[in-house]
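A.B. asks: I'll drop the sequence and a predicted model, then ask my questions.
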Number of protein chains: 2
Amino acid sequence: MTIVITCFEHSPDGGKGLARDTRVRWALEEVGRPYEVRGVPFPKLKEPEHLARHPFGQIPVFEEDGLVLFESGAIIFHLADRYGGLLPSDPNARSRAIMWMFAALNSVEPSILDLQNVKFAEGDKPWAADRLIVVKDRIEQRLRQLSARLGHAEWLDGEFSAGDLMMVSVLLRLKPSGMLNAFPTLAAYVERGEARPAYQRAFTAQQSFNAASAPA
Amino acid sequence: MTIVITCFEHSPDGGKGLARDTRVRWALEEVGRPYEVRGVPFPKLKEPEHLARHPFGQIPVFEEDGLVLFESGAIIFHLADRYGGLLPSDPNARSRAIMWMFAALNSVEPSILDLQNVKFAEGDKPWAADRLIVVKDRIEQRLRQLSARLGHAEWLDGEFSAGDLMMVSVLLRLKPSGMLNAFPTLAAYVERGEARPAYQRAFTAQQSFNAASAPA
């Protein structure tokens, strides 16, 4: 069964791996499934053909044998659940790994995305500079709490899981800001994620895709 | 096995059902599991005893036979996965129901929570009034998209699922703002959720808990 993922034809980050298809590519590499890629140009994201696949007009979308999924969390859970290797077999450990996926997406990523809001979507507003301080404070509070929970462990709960894949992917979005530098154990945790061969393959694949589709 | 959930000793909404324990109570009622409740006073949320259960110092927490889970999405997924009744048995339909849980939490709830940020956490900032307009626009865009996807269907994808439980719970947070009124099919969808006997029992339980623990 062919797996097709939909991503930006040209990622706004130019191939730095910060768009949400990278985490899906990473999960596909971890579970060892080949996939094809469909790039969507920006103007087509809000057109009916794409909205039929993704009601919020975003990326990524995942298609496999008639199943169409959006939301990176849902796609990665589906891959972990169907193909194995990203969730522990012990039922309680499995529930905790899934917990960290939700925690990454619902308790950590929103404040990090707010950094994009304040810099870009609201970058021209008179409050942008002052609000940046508030938003950064909120992110730092989360990083402090997460850092306290991780301690000096290698991963969040035993072996590497889909929970770590998601948390590392979310924290990677902070890299351009330099905010991770104040939390050395978290920075090292992210680096351990990036060092995984599956991540490396995923990163290279999205980079090559962006280079190949770059305007002349 | 006894299930214990941790919630606010006194919910900031005084028992209107908008705190995140209500959705967990709802799921427990849907799957038919009894549970006990531990109320935590506000000042204790950031103390070590609670942080050991919830690294971000929030509620709800779920405990069952040595398993400790935080994140409402993770708790509801665990209940649906372990006890059945909230996820379809067809594998693809199951993945789509889980997709709607992630969509509710990651694509809809963050902009709704931002309404709290702008009104409360940033309510004293000089930008609060102007930013409220931006935040409301962002929420309305999501509601338009969600409304387009739901159409005139009863639930998001076939039978009522954990995805609907989560989406209704998230949309309920908009009730005080009146913003749902502009989207009659979404308002009716939320009302169908609220009309479920399991929701009614959950709502009454959290209301009674808050009344019983209210300061004299």
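C.D. replies: Arrived safely, thanks for sending.

A.B. asks: which residues in chain A form helices?
C.D. replies: Taking DSSP state H as the test, the helices found in chain A are A:21-31, A:48-53, A:72-83, A:91-103, A:109-116, A:128-150, A:162-172, A:184-194, A:197-212.

A.B. asks: what's the neighbour count on A:R201?
C.D. replies: 15 (other C-beta atoms under 10 Å in any protein chain shown). C-beta: built from backbone N, CA, C; applies to glycine.

A.B. asks: distance of it from B:L86?
C.D. replies: Applying C-beta to C-beta, to the nearest Å, the value for A:R201 to B:L86 is 36 Å.

A.B. asks: A:L150 too?
C.D. replies: 31 Å.

A.B. asks: higher neighbour count, those two?
C.D. replies: Shown here are A:L150 and B:L86; by other C-beta under 10 Å, B:L86 has more neighbours (25 against 20).

A.B. asks: Surely the more buried one is in contact with B:R94?
C.D. replies: No. Between B:L86 and B:R94 there is no contact under C-beta atoms under 8 Å: 10.2 Å.

A.B. asks: which helices and strands sit right next to the helix or strand bottoming out on mean pLDDT in chain A?
C.D. replies: Ranked by mean pLDDT, DSSP states H and E, the weakest helix or strand in chain A is helix A:109-116, scoring a mean of 90. Contact partners of helix A:109-116 among helices and strands, from 3 or more C-beta pairs under 8 Å, 6 or more residues apart in numbering or on different chains; DSSP states H and E: helix A:128-150, helix A:162-172, helix B:109-116.

A.B. asks: most neighbours per residue, which of those helices?
C.D. replies: Highest mean neighbour count of the helices and strands packed on helix A:109-116: helix A:162-172, a mean of 25 (counted as mean count of other C-beta atoms under 10 Å in any protein chain shown).

A.B. asks: Is that one in proximity to chain B?
C.D. replies: No. Using C-beta under 8 Å from any C-beta of the partner chain, we find that helix A:162-172 stays clear of chain B, coming within 9.5 Å at best.

A.B. asks: Residues contacting that helix, please?
C.D. replies: Contact with helix A:162-172 is made by A:17-18, A:20, A:22-23, A:26-27, A:30, A:72-73, A:76-77, A:80, A:86-87, A:96-101, A:103-105, A:108-109, A:112, A:146, A:155-157, A:180, A:186, A:189-190, A:192-194, A:199, as judged by C-beta atoms under 8 Å, 6 or more residues apart in numbering or on different chains.

A.B. asks: wait, what's in contact with A:F209?
C.D. replies: Taking C-beta under 8 Å, 6+ apart, one finds A:7, A:15, A:37, A:39 in contact with A:F209.

A.B. asks: does the last one really touch A:I5, like I thought?
C.D. replies: Translated: A:G39. No. A:G39 is beyond contact range of A:I5, at 10.0 Å (criterion: C-beta under 8 Å).
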